[in-house]
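K.L.:
sequence first, predicted coordinates after that:
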Amino acid sequence: MPDLNFYDMVYQVARLIPPGRVTSYGAIANYLGTKGSSRMVGYAMGSCGAAKPPVPAHRVVNSQGLLTGKFHFRPHSLMQQLLENEGVKVEDDKVVDFKKIFWDPAVELAM
DNA sequence: GAGGTGACTGCGA
DNA sequence: CTCGCAGCCACCT
């Protein structure tokens, strides 16, 4: 186990999200074992701009499927645009059929 | 070393 | 149904 920081863990999981799918901060936090610290996931995303390769943060939404982090994108509509570009329908800043396209690392990457 | 911050979550009124 | 509060933990200054 290298000295991967919590940030790197989040980035790696986020990059594992397949196109057309989305996950929640809590799901990633849960997979990382810090389920109680869902904030850390979002906070880690705050530095996603410094991650290489870039992290598809647009595939990460809150537990409600709302694009809470869209305001961190430039422009703010970029997040929705990227999701729709991958086939994810977004309406009223929230993912349509969120629970259907929901990708849980704790399940998909289970073991 | 200590303090402040934050792209969240869940429960209570 | 909608609004508000408290908990949580790692990173930064």
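P.N.:
Happy to help now that I have it. Numbers count the residues shown, from 1 in each chain, chains lettered A, B, ... in the order given.
K.L.:
quick one, what contacts the closest residue to residue A:66 other than its chain neighbours?
P.N.:
Spatial nearest neighbour of residue A:66, excluding adjacent residues (CB to CB, 6 or more residues apart in numbering): residue A:94 at 4.7 Å. To be clear about C-beta, it is placed using only N, CA and C from the backbone, and glycine gets the same treatment. Each residue near residue A:94 by CB atoms under 8 Å, 6 or more residues apart in numbering is listed here: A:61, A:64-67.
K.L.:
what's the separation between whatever residue of chain A ends up closest to DNA strand B and residue A:110?
P.N.:
Proximity of chain A to DNA strand B (CB to the nearest atom of the strand) peaks at residue A:69, 1.8 Å away. Plainly put, residue A:69 is 26 Å away from residue A:110 if you go by CB to CB, to the nearest Å.
K.L.:
quick one, which of those two is more surrounded?
P.N.:
residue A:69 (19 against 8; other CB atoms under 10 Å).
K.L.:
confirm that that one sits in a strand.
P.N.:
No - assigned with DSSP: H, G, I helix; E, B strand; the rest coil, residue A:69 falls outside any strand and is helix.
K.L.:
contact partners for it?
P.N.:
A:42, A:45, A:57, A:60-61, A:79.
K.L.:
strands - which of those residues land there?
P.N.:
The strands, defined by DSSP state E, take in A:60-61 from these.
K.L.:
adding distance to residue A:5, pLDDT and neighbour count, write the contacts of residue A:69 out as a markdown table.
P.N.:
Compiled in a markdown table, these are given as follows (distance: CB to CB, whole Å; pLDDT from 0 to 100; neighbours: other CB atoms under 10 Å):
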| residue | distance to residue A:5 | pLDDT | neighbour count |
| --- | --- | --- | --- |
| A:42 | 15 | 90 | 20 |
| A:45 | 13 | 91 | 21 |
| A:57 | 17 | 94 | 24 |
| A:60 | 17 | 95 | 26 |
| A:61 | 23 | 95 | 27 |
| A:79 | 24 | 93 | 24 |
